[in-house]
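Enquirer: Please work out how this folds:
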Amino acid sequence: MPVSVAILEDHPLERDGFRYVLAKSAGIHIVGVASNVPEFVELCVEEAPVVGLVDLMLSGCIENTRSGEEGPYGARVPRMLAEAGSAMRSIMVTIEATRLSVQIAVRDGFAGFVSKTEELSALAPAILEVAAGREHWPSYTVKHLRPSPLDETKIEILRALSIRSRSSDESEAEYICDRLHIGRSTFFRHREAILRHFGVANLTHAVMRAIRSATIPHPFDAHPGDDNSDRALA
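Expert: Now for the predicted structure:
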């Protein structure tokens, strides 16, 4: 039985290219295509495809971003499908395999990754592999699957932010620069590296991930004698 596939891609030429190549691939049947997430979720619930190709950077993703959520709009598809009752497995398709895009794919439950810089012939093998219950992470993604180590300064930034008072009037940059005696340019350079490392959009989420992964201690553990009622992450 052919593997049923749904496609989420907002660029017409790329969408038509995916459809053309996959229509000629043995063992694959396209059940539908969509150009936006709501349309795609509806398609997947109705047609129950086995595998979906999901474009990460959809046009208008900033306007479509819901308050308090991280990452490009396409990254939310696996979770939205699960909430809608779909068991479809998703493969992220994006223009470039950066550390951030690969880590977003892992974080948000994608079963595979394909860069648009690859030949279109790479799509069918990836789909068949994911349909068989395996995951598809090409060799060019492997270096990004291993988190780069955080140096001492980055860990100190995370520790300092974990115990920062919610009532502080200082900005993150002011607080860290004053506490660690570093310049603003140094802070922002470390900030970008921390965000890339954890695959998040802001330092609050980075601190939460650092605590969960035991990269830094929980504020309660780090300061057992303190009154932590006003801690930022209490």
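Enquirer: Quick check: next helix or strand after the lowest-mean-pLDDT helix or strand in the chain?
Expert: Within the chain, no helix or strand scores below helix 61-64, which has a mean of 44 by mean pLDDT, DSSP states H and E. Per DSSP states H and E, the first helix or strand lying C-terminal to helix 61-64 is helix 77-83.
Enquirer: Do a quick rundown of the helices in this protein.
Expert: Secondary structure of the chain (DSSP state H): helices at 12-23, 37-47, 61-64, 77-83, 99-107, 123-131, 139-145, 152-162, 172-180, 184-198, 203-212, 219-222.
Enquirer: what angle sits between the fifth one and helix 203-212?
Expert: Comparing the axes of helix 99-107 and helix 203-212 via axes from the mean of the first three to the mean of the last three C-alpha atoms, to 10 degrees yields an angle of 60 degrees.
Enquirer: May I see the buried residues of helix 99-107?
Expert: Neighbour counts over helix 99-107 (16 or more other C-beta atoms under 10 Å) mark 99-106 as buried. Every C-beta, even on glycine, is put in place using the N, C-alpha and C of the backbone.
Enquirer: Just name the closest of these to S162, please.
Expert: Q103 (21.1 Å; C-beta to C-beta).
Enquirer: residues contacting that closest one?
Expert: 144-145, 147, 196, 198-199 (C-beta atoms under 8 Å, 6 or more residues apart in numbering).
Enquirer: Show me the shaky parts of this protein.
Expert: 59-72, 146-148, 167-168, 220-234 (pLDDT under 70).
Enquirer: 50 - rerun?
Expert: Residue ranges of the chain with pLDDT under 50: 62-70, 222-234.
Enquirer: give me the beta-bridge partners of the nearest residue to F18 once chain neighbours are set aside?
Expert: Ranked by C-beta to C-beta, 6 or more residues apart in numbering and with sequence neighbours excluded, the top spatial neighbour of F18 is I7, at 5.3 Å. Beta bridges link I7 to V33, L53, judged by DSSP bridges.
Enquirer: ok, I7 to M1 distance?
Expert: 19 Å (C-beta to C-beta, to the nearest Å).
Enquirer: Who has more neighbours out of those two?
Expert: I7 (25 against 6; other C-beta atoms under 10 Å).
Enquirer: got the contact list for the more buried one?
Expert: Per C-beta under 8 Å, 6+ apart, neighbours of I7: 15, 18-19, 22, 30, 32-34, 52-53.
Enquirer: picking up where we left off before, now distance to S90 too, for the helices of the chain, in TSV please.
Expert: Formatted as TSV, those follow (distance: least, C-beta to C-beta, whole Å):
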stretch	distance to S90
helix 12-23	14
helix 37-47	9
helix 61-64	16
helix 77-83	5
helix 99-107	9
helix 123-131	8
helix 139-145	15
helix 152-162	30
helix 172-180	33
helix 184-198	21
helix 203-212	22
helix 219-222	36
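Enquirer: To S115, which of the ones you listed lies closest?
Expert: Smallest distance to S115 across the helices of the chain (C-beta to C-beta): 6.9 Å, for helix 139-145.
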